Each structure stands twice: as C-alpha cells, then as structure tokens.
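Student: Turn this into a structure:
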Amino acid sequence: MTTQYDKEEKIIYVLDAGFVKLVDFMGGDLRAANSARVTFGGASKGEEKDKLLIKYLIDHAHHTPFEHSVFQFHIKCPIFVARQWMRHRMCSYNEVSARYTEVKDEFYIPAEFRAQDTNNKQGSLASKDFNNKELIKIYGESIETSYKAYKKLLDAGVAREMARGILPVAQYTQFYWTINARSLMNFITLRADGHAQYEIRVYAEAIAQIFKEKMPWSYEAFKVLHEK
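Tutor: Here you go, the predicted model:
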C-alpha cells in the first residue's frame, strides 16, 4: 500500500498526492461499552469485561452502541475514488466546489497500469506486458492538455462551473467526511477488501489504521471476525 503516516500531524499520505487526516474524534471503546450497558442501567465493569463486551457486540452484530463514537476526516483523493466513496451514505460529506474555486493542477498519476480482468468486469490485474513508461506518457499528456484547455477557458471569461467540465476524473478533490464507528466498519469491510479497486483500498487501509489507534478493542474484535 502506498502510504506514509505523520502521527504528529495525524495525517496519512496516500497515493502520489492524496491524504487522510483525522480532524476530530468523539467517543471510543468505553463509549461503545457504556452505550450497550445503559440498556440495563449499568456502566463500565472494568477493562477486561468491557473488552469482552465489545467482542460480544461485534461477534453478534449488535452494532448500535458503536454509533455513539464519531470520526471526522479531511480527505484528499482523485474524483473517481470520491465517487465510489460517496456511495456510502450513512455519513456526512462537504466537498470543495469547482464552481467557487479554481481547480489546481493536481491529478493522480499511477505508478503503473493494470490490465482489465477478463473474469471480473469491474476488476483489474497486474500486467508485465505493458510499457508503463509509454502509457504514463500518454496519460500525462492527456491530463496536461485538458488542464491547459481549462485555463484557456477561464482566461476567456468562461464560468468556473462550465470550464471544469473539460477536466478528467483523475483530478484531486477534497472533502470532510463525518462517520460513526458502525458505518466506518462497514466502509472498511467493503473498501479494504481485495476485490475493491486499489486506489480506494489504500484509503480504506489508512482509515483502518486510524480506527485501530482510536478504538483498539473494537478494531481487534472487528479484525478477528473478518479473519474467520
């Protein structure tokens, strides 16, 4: 996975110019345990019993107590990744608008290309047959041409909301993403899976790393369940 973690800044750099940054966090493992015990009018019974309760809740799909822990992230990713990301609807998004701001010259350039998987219409496979140097040149020239055309349209007085239509989905976008731990686990389950596209999978792995740091008991129970 293409990631680099700056723990002091709480940011994980992803791909060639993307990142995942934890902006805010509320709750934690104890919050989930207490949210479950409140149904019986109880509270924490100590670390070991709380850990066992967390494991029981995840093993038996009692997920509502995890909705009381909330993460807010600042995400920078290619638009085609963001469009997959935003299919997850049990969360909140606010994205930078290319109507209000001029798009920067920031586009995702893959390190190498993958071939189409003939057995999976939405999948891809590593290939040793590609001349990646030549393919990346073609890819990069196309992006450069589209961005130059975008700038020319702006210089001619065309509105940003119209000029942006010429830009490719490799363009980087940014958004704030607020999500509870229950929905976060669902996101990781689907997007860190081996069948997910590589470019979103590296983001899901980065988010899983932050989830592990903030809610280690929950992460461990979640991880063990999915390794069975």
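Student: Could you use CA atoms for every contact and neighbour count after this?
Tutor: Noted.
Student: just for the protein, where's the confidence low?
Tutor: Applying pLDDT under 70 to the chain flags the ranges 1-2, 228.
Student: rerun at 90
Tutor: For the chain, the stretches with pLDDT under 90 are 1-10, 39-45, 116-130, 224-228.
Student: Show me it divided up by domain.
Tutor: Listed by automatic domain parsing, the domain ranges of the chain are 3-96+171-227, 114-166.
Student: Quick one: end-to-end distance for the first one.
Tutor: If I follow you right, that is domain 3-96+171-227. Using CA to CA, to the nearest Å, one end of domain 3-96+171-227 lies 23 Å from the other.
Student: can you check stretch 193-203 too?
Tutor: So stretch 193-203: terminal residues 12 Å apart, CA to CA.
Student: Show me which positions of it end up buried.
Tutor: Neighbour-count burial for stretch 193-203, counted by 16 or more other CA atoms under 10 Å, picks out 196-203.
Student: what's the burial count for residue 172?
Tutor: Residue 172: 21 surrounding residues under other CA atoms under 10 Å.
Student: hang on, the earlier thing: check the domains of the chain for me and report the most buried one.
Tutor: Of those, the one with the most neighbours on average (mean count of other CA atoms under 10 Å) is domain 3-96+171-227, at a mean of 17.
Student: mind checking the longest helix of the protein?
Tutor: When the chain is parsed with DSSP state H, its longest helix is helix 132-155.
Student: of the buried residues of stretch 193-203, closest to residue 42?
Tutor: Nearest to residue 42 among the buried residues of stretch 193-203 is residue 203, at 37.4 Å by CA to CA.
Student: what's that closest one in contact with, if anything?
Tutor: Counting by CA atoms under 8 Å, 6 or more residues apart in numbering, residue 203 makes contact with 14, 20.
Student: Residue 194 versus that one, what's the distance?
Tutor: According to CA to CA, residue 203 and residue 194 sit 13 Å apart.
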